[in-house]
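Colleague: With the sequence up front, the predicted model follows.
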Amino acid sequence: MSVRVRYAPSPTGPWHIGNARVGLINWLVAHHLGGTFVLRIEDTDRERSRPEFEQEILQGLAWLGLSYDEFYRQSDRTKIYEKYLTQLADEGRIFRCPHGDPRTERPSENQTFAPHVCDARDGSSQTGIYRFRNDETDAIIFNDIIRGEVRVDPKILGDFSVAIALDRPLFLMANTIDDGDMRISHVIRGEDHIPNTAKQQLLRSALGFPEPMWAHMPLILGPDRTKLSKRHGDASVLEFRDNGYLPGAILNFMALLGWHPSDDQEIFSREELVKIFSLDRMQKGGAIFDTQKLLWMNREYAQLMSDDALALLLIPFLEEAGHILPAFADSTFPPAIGAHTPEIAYTNPNGDPIAMEVIVRIARIVKDRFTTLKDAAKDFPFFFDDPELTPSVLSWKGNQPPVEIRDVLLEVARAIDTLLPDFADEHIYEDALMPIAELRGKGNTLWPLRVALSGRDKSPGPFAILSVIGRVAALRRITHAISLLEA
C-alpha cells in the first residue's frame, strides 16, 4: 500500500501547539514509512477563514522544517465537491432539509449534531441545508491504531448535515471527499474527531471510497488535566518562535506529547525521531503540557547546537533588543557565517564595531546560561554597552578596601593595554591576567574585574566578557571603575 498522509489545518485562528503537533505526527509517519506528506488547507468555513491565518500555518511549518510533498486548498476544489454532492443527490443519498441554518451549522473541526430525522426526506424542500440520508441499522465499526475497535450505533447519528449547497460542503463532507479523492491511506488526527469518524464511514461507503487506517491521538492537557489554554502557557507556534524557542526543541517537545520511545531517551534529533517513530507507541490518555519541561529541552538543544548556528538564530533578538545595528544599511543581514561578508557586520548603539566572530563568542558564552534566545539577548546588556556601576559591589566579599581594588584594577588595565589585537580569545586574556590573580589572590583580582566589566555581582567570567567587548571597551570600563573608587 502506498502511504499517503495528510495534514489538514483550518485557517480560522492562530496556529497553536495542539494543531502543529498533529502536523508533526503526520510528517513523522510519512517520513518513517517512506510515504507522501500532503498539506491541505481546509477553508470551507468562508466566514472565519483568513489569509493571515493560512500564512501563519505556512510560516510555522517552514520554521519547524516540516516540508510537504503536495499542497491543496479546499476553496480551489469547488468543482470536485459539486461533482460528488450532485452524485449523492441524484442517488437520493442526500436531500434538502428546511430544518437547518447555515449560520449555525457552519463547518467546524469539532462539530457534531443532535440526532435528527428530517420530515422532508422526500426531497420536497427547496430550502435549508443538505443532510445525509442515514438508513443504516448495523453498528458502525472501525479499528483505530491507537484505540483499537470502536463501535457506534448509527441511530444516534440521525440524518446529519453535509452541505450548505452542492458547491458548498460542510467540513465533514469536504474532508471525506478530499481524503478519498487524494487516496489518503492514514487519517491521523486528534481524538476530538472520533465522533466524526462514524459519519465519515457512512459517507465513504456512499461515495465508494476505500477505508483508510484511522489513528486518533490524545488531546493536550494543562497540568491540571483540563483542556490546554492560554492560562497553561499555550500560545501560537509563531509566538514560541518570537519568544526565542528553538525549532528543534519545539519539535522534540511536541513529539513526546502522547508518544514515548522504547527507552528513557528524551532528547532526539529530527533524524532520530523519523527513524524510531511509530503510532503504536502513542498513548490513549491525555498528554500534559509542561512549560518547565519545554524550557529544559530548549536549554538542552542550545547545548547541542554549533556556536555558529546559535549565533545566527540569536542575531534577530539582539537587534530587537537594540544591542546591535547593521554596520551597512544596504547590506543583507544576518550574513552567512563563513561567507565573503565584511568582518565588521554590526555596531553597538555607541557605534563600536562588532564582528560576526564576536557574536559567535556571545553564543558560546550564553549557551551555559540559556533559557530562550529572547532572554539571552535581554539578560546580557553589558556585552554591548557600558554598565552602570555601584562601587561597593567591586569589593570581594565586602572586605577589600577601595585603595587595594584600585591598585589591582590599575595593574590589570596595564596588562590589558599591552594586548593586540583589540579583540582576542578568552585564553589570551587569561594568560595575561592570571599571573596577577595568582599574586594578589584570584578572588581579589577577578571579582572586581568582572564587576567593573559587567556592573553585576552575577555574570559570566571576566575572560569571557573581555573576549566579547575587546580591549578598548574594557579599558574604558576599568578606568571608570577606578574613578569611582577614587571619588
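Modeller: That came in fine, so what should we check first?

Colleague: just the strands in the stretch 251-400 of the chain please.
Modeller: In the stretch 251-400 of the chain, the strands defined using DSSP state E, counting those that start in this stretch lie at 287-288, 325-326, 344-347, 353-355.

Colleague: An error on my part: the question was meant for the stretch 51-200 of the chain.
Modeller: Using DSSP E, counting those that start in this stretch, strands in the stretch 51-200 of the chain cover 70-73, 94-97, 129-132, 140-144, 148-152, 161-165, 168-169, 186-190.

Colleague: Save those strands as JSON lines, and put in mean pLDDT and mean neighbour count too.
Modeller: C-beta coordinates here come from the backbone N, C-alpha and C atoms, glycine included. Shown next, in JSON lines, are the strands of the stretch 51-200 of the chain (pLDDT from 0 to 100; neighbours: other CB atoms under 10 Å):
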{"stretch": "strand 70-73", "mean pLDDT": "98", "mean neighbour count": "14"}
{"stretch": "strand 94-97", "mean pLDDT": "92", "mean neighbour count": "22"}
{"stretch": "strand 129-132", "mean pLDDT": "94", "mean neighbour count": "23"}
{"stretch": "strand 140-144", "mean pLDDT": "96", "mean neighbour count": "15"}
{"stretch": "strand 148-152", "mean pLDDT": "95", "mean neighbour count": "12"}
{"stretch": "strand 161-165", "mean pLDDT": "95", "mean neighbour count": "23"}
{"stretch": "strand 168-169", "mean pLDDT": "95", "mean neighbour count": "23"}
{"stretch": "strand 186-190", "mean pLDDT": "97", "mean neighbour count": "22"}
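
Colleague: re earlier: which one, of the strands of the stretch 251-400 of the chain, ends up nearest to residue 280?
Modeller: Residue 280 lies closest to strand 287-288 among the strands of the stretch 251-400 of the chain, at 16.2 Å (CB to CB).

Colleague: The closest one: partners in the sheet, and parallel or antiparallel?
Modeller: If you go by DSSP bridges, strand 287-288 pairs up with strand 220-221 (parallel).

Colleague: Quick one: residues in contact with whatever helix or strand comes next after the strand it pairs with.
Modeller: As assigned by DSSP states H and E, the chain's next helix or strand after strand 220-221 is helix 237-242. For helix 237-242, contacts defined as CB atoms under 8 Å, 6 or more residues apart in numbering pick out 14-17, 20, 56, 59-60, 63-64, 247, 250, 374.

Colleague: now for whichever strand or helix holds residue 467, which elements pack on it?
Modeller: Residue 467 is part of helix 462-486 when elements are defined by DSSP H and E. Where contact means 3 or more CB pairs under 8 Å, 6 or more residues apart in numbering; DSSP states H and E, helix 462-486 is packed against helix 356-366, helix 402-417, helix 426-440, helix 442-454.

Colleague: Let's have those in a markdown table, adding distance to residue 267.
Modeller: A markdown table is the format used below for those (distance: least, CB to CB, whole Å):
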| stretch | distance to residue 267 |
| --- | --- |
| helix 356-366 | 19 |
| helix 402-417 | 40 |
| helix 426-440 | 28 |
| helix 442-454 | 31 |
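
Colleague: Quick one: closest of the strands of the stretch 51-200 of the chain to residue 450.
Modeller: With CB to CB, the closest approach to residue 450 among these belongs to strand 186-190: 51.2 Å.

Colleague: quick one: residue 349 and residue 384 touch, right?
Modeller: Yes - taking CB atoms under 8 Å as the definition, residue 349 is a contact partner of residue 384 at 7.0 Å.
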